[in-house]
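Novice: One predicted model, sequence on top.
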Amino acid sequence: MSTKITRLSIKVQPNAGHNQVVDFNNNVWKVKIAAPPDKGKANKEMIEFLSDVLRLRKDDITILKGETSHNKLVVIIGLNPEEVNSLLKAICNKDR
């Protein structure tokens, strides 16, 4: 059995009012995160937020590139790209 793996490009906006998936454009998801970009707090909260949205364990989501950047490459284990995109699209702009 093969493992489902997805690489996801995400642009993170820290210090937002709340966590939210905002947009999908040019194969990049824009995600607002309430935590500040201080000592990895925004990264940690982004992983927790994605794990809730995607119904995965936090250990199944890893930042591959961009630890200190707004632009991140994230690896998700357990879902294929279609499943990830479908779940993110379902909540995109939901709070707007």
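Specialist: Looks like it arrived, so ask away. Numbering: from 1, shown residues only.
Novice: drop to CA atoms for contacts and neighbour counts, all remaining ones
Specialist: OK.
Novice: same for the helix or strand hosting V22, what does it pack against?
Specialist: In this assignment (DSSP states H and E), V22 forms part of strand 20-25. Packing partners of strand 20-25 (3 or more CA pairs under 8 Å, 6 or more residues apart in numbering; DSSP states H and E): strand 28-32.
Novice: Mind checking what helix or strand follows the strand it packs on in sequence?
Specialist: Following strand 28-32 in sequence order, the next helix or strand is helix 41-54 (DSSP H and E).
Novice: List the buried residues of that next one.
Specialist: A42, N43, E45, M46, I47, E48, F49, L50, S51, L54 (16 or more other CA atoms under 10 Å).
Novice: Pull the number of nearby residues for the nearest residue to W29 once chain neighbours are set aside.
Specialist: Nearest residue to W29 in three dimensions, chain neighbours excluded: I10, at 4.7 Å (CA to CA, 6 or more residues apart in numbering). By the measure other CA atoms under 10 Å, the count of residues near I10 is 20.
Novice: Relative to the whole chain's centre, how far out is stretch 20-38?
Specialist: 7 Å (CA atoms, centre = their mean, to the nearest Å).
Novice: Equivalent analysis for stretch 69-76, please.
Specialist: 8 Å.
Novice: Just the pLDDT at the residue lying closest to G17 once chain neighbours are set aside, thanks.
Specialist: Of all residues not flanking G17 in the chain, A34 sits nearest, at 5.4 Å (CA to CA, 6+ apart). A34 is assigned 97 on the pLDDT scale.
Novice: go on, N93?
Specialist: Model confidence at N93, expressed as pLDDT, equals 72.
Novice: so it makes contact with F24?
Specialist: No. Assessed by CA atoms under 8 Å, N93 is found out of contact with F24, at 10.1 Å.
Novice: okay, the two: which has more neighbours?
Specialist: Taking neighbours as other CA under 10 Å, N93 and F24 compare with F24 leading, 17 against 12.
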